[in-house]
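Trainee: give me a model of this one.
(chains A and B)
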Amino acid sequence: MSISGWLSRFTGRNSAAPEIDARRAGLGILVVFLAPALLVYAAFTIYPVLRTFYNAFHAIKPHGVVEFVGLGNFTTLLFTDSIFWKAVTNTAIFTIVATIVDVIGGLLLALCLFARAPLAPLLRVVWFTPVLMSYVVVGIIWVWIYDYDWGLANAVLHWVGLGAFEQSWLGHPSTALWSVLVAHEWKWLGFNMIVFLAALHALPAEVLGAAELDNCGWFAKLVYIIAPMLRTTIVNLTVLSFIGKMMVFDLIWVMTSGGPLWSTETVSTYVYKRAFEWNTFDLGYPSAIAVLWFIIILVFIAIMTRLLRQRDRLEF
Amino acid sequence: MNAQLQLWLGQLRRLPLVVFVILYTAVTGGPLLWVAMMSLRTTAEIFKNPYGFPSPAHWEKFADAWTKSNYSTYFWNSTIVVVIAVVLVTVIGAMAAHCLARYNFRGNRVVRFLILSGLVLPPQLLILALFQILLDLNLYNTLPGLVLVYVATHIAMTVYILEGFFAQIPQDLFDAARMDGYSDFEIFWRVTMPIGAPAIFTTVTLNFIILWNEFLFAVILLTDDDKRTLPLGIMHFTGSHQLDVGMAATGLMIAIVPIVAIYALFSETMIKGMTAGAVR
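Mentor: Numbers count the residues shown, from 1 in each chain, chains lettered A, B, ... in the order given. As a prediction, this is how the structure comes out:
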């Protein structure tokens, strides 16, 4: 899902092909081809989005009670809801750190394999395995790894002589978010690695060869030659990873449910809690959170694609 | 002698790389191996030594987990929902993608924008309203309701990948087919589909893995135990066997083994499928 490629489809670069018969179709044909997709999509994606926007300005109580509250939900949210701000802070930390780790870590792993590490084809398959697992499986495995009494994390620390650092990783507000973040990276690094590896193999070999002849050190080669040539991939993965992290839910829900003391509460888990766990019985307020967050995500996508993309590299 | 020394130095320079590679492989593979070993041991054995080898191996635990809990139900629910949803989303997505890629018509851009804007919609923006809508339609807490939601939320990505591929098929082929008297449906079925098969295979793989692992929509739209899909079932099973770690590990392995088995056979296809769209 490359965002800039996707955006470029709307910028009117459809070449004006000569009018050929095979490009024309009667209305009936168009309807038959498009209707199934459009109907399902309209009923279960577009309509829910519109209804969420509607909900955001109302209080939605059980038994069909709907009260118009105007901007009330938003003002409560922004000015009096401290848990919301806690969730925003956590999501921001998680998003920024995880995106940086995703992109840099993925690139480094890809370079390891690109530098012909022994058994590279096998490692590529092994490193990608966690990507295919569900968050539920990954979450439960990592809850066990972080277990205070018999978990792998403390056992390894003990074994290398750092026993002083043993602790209940998910039980302390100061370490819980970071612990979940590590689990998240364990699952996703392989994905970024594969994408970078594909991009690296597509690089022109003669440029790398020339750098070799110029006796270019590997770090200089990485910073001045490889990174600039991978720009498009880096931009795409940054945006993709950023969007994904802004919506993080599954892993946090499985591992900590937002606790302890709101220390891993994210915007998504808070939406879920306000809608289905707290006995406030109001779908309007969580809808307002979702709408506000969606707008913020859109703004970030717009800023990032504008800042990061080079105009001459638009098409790919 | 000198040449040999240089070779040896060259190997030494690669040492950090090799060490790092070994460490990272241990980090990705280690936890999986650990769960696999625990799944064959009883909880008493695990609490005596969490990292021991499974000797003797308790294979009967797998049969226990499958028969004494609802695991078979979860497994079949997931299979039914995912297979139907993937077939539907592939067929209607391919039809829409073919139409957008092949025909010039008024409103082409609008339809394309509408469908592809689904790529940036967070699920959180949909779930609350979907909950209400499925309640209204009496589809809440039903598998058909979940299938419809899965199809609707994965059309955007399917159309995006397929349309990109279909648009690259040379127009000449279609002009020739038209001259040979193919109808619009024959063109779709006998030209676009066979030539687009690699892209279709990719979207099938991608949608299958994503939906097989899907959690958020399922946890909100299903409540009965006998309707749970596998991810919900695993979570429930682990929750109810919190102190019985051995049994919970067996449950996890039942979820992991099919994915790893398919992956062992089709690793290239699955890797290509999961990263489709990002590598373009």
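Trainee: contacts and neighbour counts: CA atoms only from here.
Mentor: Noted.
Trainee: so how far is the helix or strand harbouring A:Ser179 off the chain centroid?
Mentor: Taking DSSP states H and E as the definition, A:Ser179 sits inside helix A:173-201. Centre-to-centre, helix A:173-201 and its host chain are 10 Å apart (Cα atoms, centre = their mean, to the nearest Å).
Trainee: whether that helix contacts chain B - can you check?
Mentor: Yes. Counting by Cα under 8 Å from any Cα of the partner chain, contacts between helix A:173-201 and chain B involve A:Trp186, A:Phe191, A:Ile194, A:Val195, A:Ala198, A:Ala199.
Trainee: just those now: which is nearest chain B?
Mentor: Nearest to chain B among the residues of helix A:173-201 next to chain B is A:Val195, at 5.9 Å by Cα to the nearest Cα.
Trainee: isn't that closest one up against B:Gly273?
Mentor: No. Under the criterion of Cα atoms under 8 Å, A:Val195 makes no contact with B:Gly273, lying 11.5 Å away.
Trainee: tell me which of the two has more neighbours.
Mentor: A:Val195 (25 against 21; other Cα atoms under 10 Å in any protein chain shown).
Trainee: now B:Tyr160, nearest residue through space, not along the chain?
Mentor: B:Leu116 (6.6 Å; Cα to Cα, 6 or more residues apart in numbering or on different chains).
Trainee: with B:Thr223 instead?
Mentor: Going by Cα to Cα, 6+ apart, B:Thr223 has B:Asn141 as its nearest residue, at 5.9 Å.
Trainee: please determine how far the one you found is located from chain A.
Mentor: 15 Å (Cα to the nearest Cα, to the nearest Å).
Trainee: helix/strand/coil for that residue?
Mentor: coil (DSSP: H, G, I helix; E, B strand; the rest coil).
Trainee: just the helices in the stretch 101-250 of chain B please.
Mentor: For the stretch 101-250 of chain B, applying DSSP state H, counting those that start in this stretch gives helices covering B:108-116, B:124-136, B:143-166, B:171-179, B:184-187, B:193-195, B:197-212, B:216-221, B:230-240, B:245-275.
Trainee: mind putting those into a markdown table with mean pLDDT?
Mentor: As requested, the helices of the stretch 101-250 of chain B are exported to a markdown table (pLDDT from 0 to 100):
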| stretch | mean pLDDT |
| --- | --- |
| helix B:108-116 | 90 |
| helix B:124-136 | 92 |
| helix B:143-166 | 94 |
| helix B:171-179 | 88 |
| helix B:184-187 | 88 |
| helix B:193-195 | 92 |
| helix B:197-212 | 90 |
| helix B:216-221 | 94 |
| helix B:230-240 | 89 |
| helix B:245-275 | 83 |
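Trainee: highest mean neighbour count out of these?
Mentor: helix B:143-166 (a mean of 23; mean count of other Cα atoms under 10 Å in any protein chain shown).
Trainee: by contact count, what packs against that helix?
Mentor: helix A:27-41, helix B:71-102, helix B:108-116, helix B:197-212, helix B:216-221 (3 or more Cα pairs under 8 Å, 6 or more residues apart in numbering or on different chains; DSSP states H and E).
Trainee: how about the residues of the stretch 151-280 of chain B near chain A?
Mentor: B:151-153, B:155, B:157, B:160, B:174-175, B:178, B:184, B:209, B:212-216, B:231, B:234-235, B:252, B:255-256, B:259-260, B:267, B:271, B:274-280.
Trainee: re the thing from before, how close does the residue nearest to B:Thr223 get to B:Asp226?
Mentor: Distance, B:Asn141 to B:Asp226, using Cα to Cα, to the nearest Å: 10 Å.
Trainee: low-confidence stretches in chain A?
Mentor: For chain A, the stretches flagged by pLDDT under 70 are A:1-22, A:117, A:212-216, A:309-316.
Trainee: wait, I meant the stretch 1-150 of chain B
Mentor: B:1-3, B:5-7, B:9-13.
Trainee: how about the residues of it by chain A?
Mentor: B:17-18, B:21, B:25, B:28-29, B:31, B:35, B:47, B:50, B:92-93, B:95-96, B:99, B:102-105, B:109, B:113, B:115, B:118-122, B:124-130, B:133, B:148-149.
Trainee: ok so, going back, turn the helices and strands packed on helix B:143-166 into TSV, columns for distance to B:Met247.
Mentor: Shown next, in TSV, are the helices and strands packed on helix B:143-166 (distance: least, Cα to Cα, whole Å):
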stretch	distance to B:Met247
helix A:27-41	41
helix B:71-102	12
helix B:108-116	44
helix B:197-212	22
helix B:216-221	23
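Trainee: before we move on, back to that, who has more neighbours out of B:Asn141 and B:Asp226?
Mentor: Legend: neighbour count by other Cα under 10 Å for B:Asn141 and B:Asp226, higher for B:Asn141 (20 against 14).
Trainee: ramachandran coordinates for A:Val66?
Mentor: Dihedral angles phi and psi of A:Val66 (degrees, to the nearest 10) take the values phi -130, psi 120.
Trainee: cool, the one 5 residues further on as well?
Mentor: Backbone geometry at A:Leu71, expressed as degrees, to the nearest 10, gives phi -90, psi 10.
Trainee: contacting residues around it?
Mentor: Neighbour list for A:Leu71: A:Phe57 [criterion: Cα atoms under 8 Å, 6 or more residues apart in numbering or on different chains].
Trainee: so how far is A:Arg306 from it?
Mentor: 31 Å.
Trainee: just to revisit the earlier point, out of the residues of helix A:173-201 next to chain B, who's nearest A:Gln167?
Mentor: A:Trp186 (20.1 Å; Cα to Cα).
Trainee: the residue nearest the centre of chain B: what's it in contact with?
Mentor: Computing the C-alpha centroid of chain B and ranking residues by Cα atoms, centre = their mean puts B:Ile209 first, at 0.9 Å. Taking Cα under 8 Å, 6+ apart, we find B:Ile209 in contact with A:Leu132, B:Met274.
Trainee: for A:Phe53, same thing?
Mentor: A:Ser287, A:Ala288, A:Val291.
Trainee: now, those residues that are in strands?
Mentor: Secondary structure assignment (DSSP state E) places none of the contacts of A:Phe53 within strands.
Trainee: include distance to chain B and neighbour count when you put these into TSV, please.
Mentor: Below are the contacts of A:Phe53 laid out as TSV (distance: Cα to the nearest Cα, whole Å; neighbours: other Cα atoms under 10 Å in any protein chain shown):
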residue	distance to chain B	neighbour count
A:Ser287	7	34
A:Ala288	9	25
A:Val291	6	23
